[in-house]
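A.B. asks: Here's my sequence, what's the structure:
(one chain, ligands or ions: 1)
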Amino acid sequence: MNFSKLHGLGNDFIVIAGHHELPTDVDQLAIRLCNRFFGIGADGLVYILPSEQADFKMRIINSDGTEAEQCGNAIRCVSKYVYDHGLIDRTEITVETLGAGVQQVQLNLQDGKVSTVRVDMGQPILNGLQVPTTVDEAQVVHHPIEVDGREFHFTAVSMGNPHCVIYVEDAVNFDLAAWGPKLEVHPMFPRKVNVEFVTVRDRAYTDMRVWERGAGPTLACGTGACATLVSSVLNGLTDREATVSLKGGDLFIEWNEADNHVYMTGPAEEVYTGTIVK
Ligand SMILES: N[C@H](CCC[C@H](N)C(=O)O)C(=O)O
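C.D. replies: The predicted model follows:
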């Protein structure tokens, strides 16, 4: 079975196209192939499948075998793959996702290949029970949460997948491993959660480091960057357009006031193609 290895700011994926449905053991396949010593190594396994409501369907399986409803960096990688590999010849395409509906995607070319991608990530979900969290409020903003005797305050945002955004003094040097795993599985999040630690530098620039649900510390998280911008607007900390600077690089995020949609712009790169022999 052939695959391609692509990444969005170092958040990397094994991409498989040409199938009509997920293999029944896709969870075990993702665990095996994403292993960075015994497999190919990646944060996730992505299938490009046919769709009845969009140009393509994307399914994303985390490296722990759990399926995610949406993935911002992966949708940019999928969009690059289908254009660069000649599966489509348009630069405005649509991609069906499991948990965020059909997304409009704009491809920006350089020397005939996709260099950056602008994705309409849809409307953020802010209702506490719908994110989901156990907090029954219309919006969960600066809400207290305690882990191991330390109190944080978080803002909950879903981009199809759940996010917990926490503001800290120095996100770049924050001890992700100490607190990320505990918050990921906190009982306040019925479907677990992606955790973003953020430091706002000014109204158009934030630093963010992420502990991802089902994948751990990644170099970048597209949906997490969208959640960070939405949270920062709700907390009065940034304007509706800002750069979210991640360990792997920068994403430009806009939360459009007119249509309430969040737009994410960033790169996607293909590193190699290969064949899975077992
Ligand atoms: N681990 C995430 C899925 C990948 C999201 C991230 N890689 C992105 O770019 O949005 C989850 O379980 O919700």
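A.B. asks: His261: what's its closest spatial neighbour, skipping adjacent residues?
C.D. replies: Using CB to CB, 6 or more residues apart in numbering and skipping the chain neighbours, the partner closest in space to His261 is Asp120 (5.4 Å). C-beta coordinates here come from the backbone N, C-alpha and C atoms, glycine included.
A.B. asks: show me what contacts the one you found?
C.D. replies: Gln103, Gln104, Val105, His261, Val262, Tyr263 (CB atoms under 8 Å, 6 or more residues apart in numbering).
A.B. asks: so which of those also contact the ligand?
C.D. replies: Checked against the ligand using CB under 6 Å from any ligand atom, the contacts of Asp120 give no members in range.
A.B. asks: so of those residues, which ones are in strands?
C.D. replies: Among these, DSSP state E puts Gln103, Gln104, Val105, Val262, Tyr263 in strands.
A.B. asks: which residues does the first one bridge with?
C.D. replies: Here Gln103 sits in beta bridges with Val95, as judged by DSSP bridges.
A.B. asks: Please tell me I have it right and it contacts Glu92.
C.D. replies: No: if you go by CB atoms under 8 Å, Gln103 and Glu92 don't touch, sitting 11.7 Å apart.
A.B. asks: Pick out whichever of those two has more residues nearby.
C.D. replies: Gln103 (23 against 10; other CB atoms under 10 Å).
A.B. asks: OK, contacts around the more buried one?
C.D. replies: Gln103 makes contact with Ala54, Ile75, Thr94, Val95, Glu96, Thr97, Val119, Asp120, Met121, Gly122, according to CB under 8 Å, 6+ apart.
A.B. asks: thinking again about what came up before, can the contacts of Asp120 go into a markdown table with extra columns for pLDDT?
C.D. replies: Output for the contacts of Asp120, formatted as a markdown table (pLDDT from 0 to 100):
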| residue | pLDDT |
| --- | --- |
| Gln103 | 98 |
| Gln104 | 98 |
| Val105 | 98 |
| His261 | 98 |
| Val262 | 98 |
| Tyr263 | 98 |
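A.B. asks: sec struct for Asp89, please.
C.D. replies: Of the three states, Asp89 takes coil according to DSSP: H, G, I helix; E, B strand; the rest coil.
A.B. asks: pLDDT score assigned to it?
C.D. replies: On pLDDT, Asp89 comes in at 97.
A.B. asks: which ones are touching the residue nearest to it when sequence neighbours are not counted?
C.D. replies: Leaving aside its sequence neighbours, Asp89 sits nearest to Tyr83 (CB to CB, 6+ apart; 7.7 Å). Shown in contact with Tyr83 (CB under 8 Å, 6+ apart): Asp89, Thr91, Ile93, Leu107, Leu109, Lys113, Val114.
A.B. asks: My reading is that Tyr83 lies in a strand. Confirm?
C.D. replies: No: judged by three-state DSSP, Tyr83 forms no part of a strand; its state is helix.
A.B. asks: Okay, helices next: where are they in the stretch 1-150 of the chain?
C.D. replies: Using DSSP state H, counting those that start in this stretch, the helices of the stretch 1-150 of the chain run over 26-34, 72-84.
A.B. asks: Now do the buried residues in stretch 256-274.
C.D. replies: For stretch 256-274, the neighbour count (16 or more other CB atoms under 10 Å) marks His261, Val262, Tyr263, Met264, Thr265, Gly266, Pro267, Ala268, Glu269, Glu270 as buried.
A.B. asks: For Ala156, state which of those residues is nearest.
C.D. replies: Val262 (15.0 Å; CB to CB).
A.B. asks: Quick check: Ala177 touching Phe197?
C.D. replies: No: contact criterion CB under 8 Å: Ala177 and Phe197 do not qualify, at 11.6 Å.
A.B. asks: So which of these two has more stuff around it?
C.D. replies: Phe197 (26 against 10).
A.B. asks: Looks to me like that one is in a strand.
C.D. replies: Yes: counting by three-state DSSP, Phe197 is part of a strand.
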